[in-house]
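**Student:** Sequence and computational prediction follow.
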Amino acid sequence: MPFAPTALTPVFQSQSFSLWHYRSTDTRDQITTVGYFAPARTQLRVGDVIIAQASDALSILPVRSNAVIGTGVNLDGAVAPIALTRTVAKSFQFVQQASAVVTTIILAPLLAGLIAGTSIPVSAQVVGPISQVVVSIRDAQGQLVPPAQLVDVSQGFATTTLPTPPVGTGYRLRVEDAGDSGVAAISSSFNILPDLRLILTEGGVKLLQEDRSAIAQG
């Protein structure tokens with residue numbers, strides 16, 4: 001009988017070597033005839049080994065160039081059923097599906113003409129899974145002006161008030177995600193003005209009444 005492609009199966013394969021099993025009703029001499037395995041030359045490589053289960057012998061045969069079979073070694077002249085255990089290396093591919101989550105903080109414009117000794121109303125719209133924000137004031141050098149406030153987000157908005165810092169320029173308001181400081185909104189710079197209704201000394205100090213309240217101009 002001619003070579004049967006379906007009877008040649010791999011037992012082990014790597015990039016440099018393969019172990020094959022071939023079962024046939026042909027004799028060992030027929031199997032080892034030059035050209036017998038020629039139809040399988042694209043599969044068989046030099047150095048591969050074939051366990052050949054012929055009708056009259058069980059043999060281990062080396063593969064030479066052009067699928068020519070070497071002399072090999074007979075394991076048994078009286079052929080008995082052979083049990084082969086094959087292991088298969090499976091590759092798995094894991095694909096993580098993720099969708100982008102948009103998180104944004106939009107700070108409402110500040111009131112103009114902020115006066116020292118008052119408070120600053122703060123309102124910010126929050127988009128995304130943010131439950132709390134930190135609201136703070138930074139001076140012209142970017143340093144925190146205490147106190148900072150932790151504010152809960154309700155229905156997409158965070159609102160609070162902060163006491164005005166001392167009279168000065170270059171202040172900025174910052175609202176950031178309490179869980180990720182990289183998500184933040186910063187206002188444009190603003191100034192804190194003195195209360196011109198108060199009576200000030202030459203050095204800008206307020207004059208106080210006995211009850212500690214500031215003396216205002218009439």
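**Tutor:** Alright, I've got the coordinates. Numbers count the residues shown, from 1 in each chain.
**Student:** and Val126, helix, strand or coil?
**Tutor:** For Val126, the assignment made with DSSP: H, G, I helix; E, B strand; the rest coil gives strand.
**Student:** Report the separation between the closest residue to it other than its chain neighbours and Thr104.
**Tutor:** Leaving aside its sequence neighbours, Val126 sits nearest to Val153 (CB to CB, 6 or more residues apart in numbering; 4.8 Å). All C-beta spots, glycine's among them, are computed from the backbone N, C-alpha and C. For Val153, the distance to Thr104 equals 12 Å [CB to CB, to the nearest Å].
**Student:** what about the two, which has more around it?
**Tutor:** For Val153 versus Thr104, the count of surrounding residues by other CB atoms under 10 Å is larger for Val153: 20 against 12.
**Student:** Give me the pLDDT for the more buried one.
**Tutor:** Confidence at Val153, expressed as pLDDT, is 96.
**Student:** picking up where we left off before, contact partners for the residue nearest to Val126?
**Tutor:** By CB atoms under 8 Å, 6 or more residues apart in numbering, the contact set of Val153 is Val126, Ile130, Ser131, Gln132, Val133.
**Student:** quick check: domain ranges of this structure?
**Tutor:** Annotated domains of the chain cover 5-76, 104-193 [automatic domain parsing].
**Student:** which residues in this structure form strands?
**Tutor:** Along the chain, counting by DSSP state E, strands occupy 8-13, 18-23, 49-53, 58-62, 73-76, 104-107, 114-115, 119-127, 132-138, 144-152, 157-163, 168-177, 180-186, 190-193.
**Student:** Which among the contacts of Val153 count as buried?
**Tutor:** Among those, those classed as buried by 16 or more other CB atoms under 10 Å are Val126, Ile130, Val133.
**Student:** Please save the CA atoms from the worst-scoring helix or strand of the chain on mean pLDDT in PDB.
**Tutor:** Least confident element among the helices and strands of the chain, by mean pLDDT, DSSP states H and E: strand 73-76 (a mean of 80). Extracted in PDB, the C-alpha atoms of strand 73-76 (Å, rounded to 0.1, in the frame of the first residue of the first chain):
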ATOM      1  CA  VAL A  73      16.000   0.200  15.300                       C
ATOM      2  CA  ASN A  74      13.600  -2.700  15.600                       C
ATOM      3  CA  LEU A  75      11.900  -2.800  19.000                       C
ATOM      4  CA  ASP A  76      10.000  -6.000  18.400                       C
END
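**Student:** just checking, what packs against it?
**Tutor:** Applying 3 or more CB pairs under 8 Å, 6 or more residues apart in numbering; DSSP states H and E, one finds that strand 73-76 contacts strand 58-62.
**Student:** Buried residues in the strand it packs on, which are they?
**Tutor:** Buried residues in strand 58-62, counted by 16+ other CB under 10 Å: Leu58, Ser59, Leu61.
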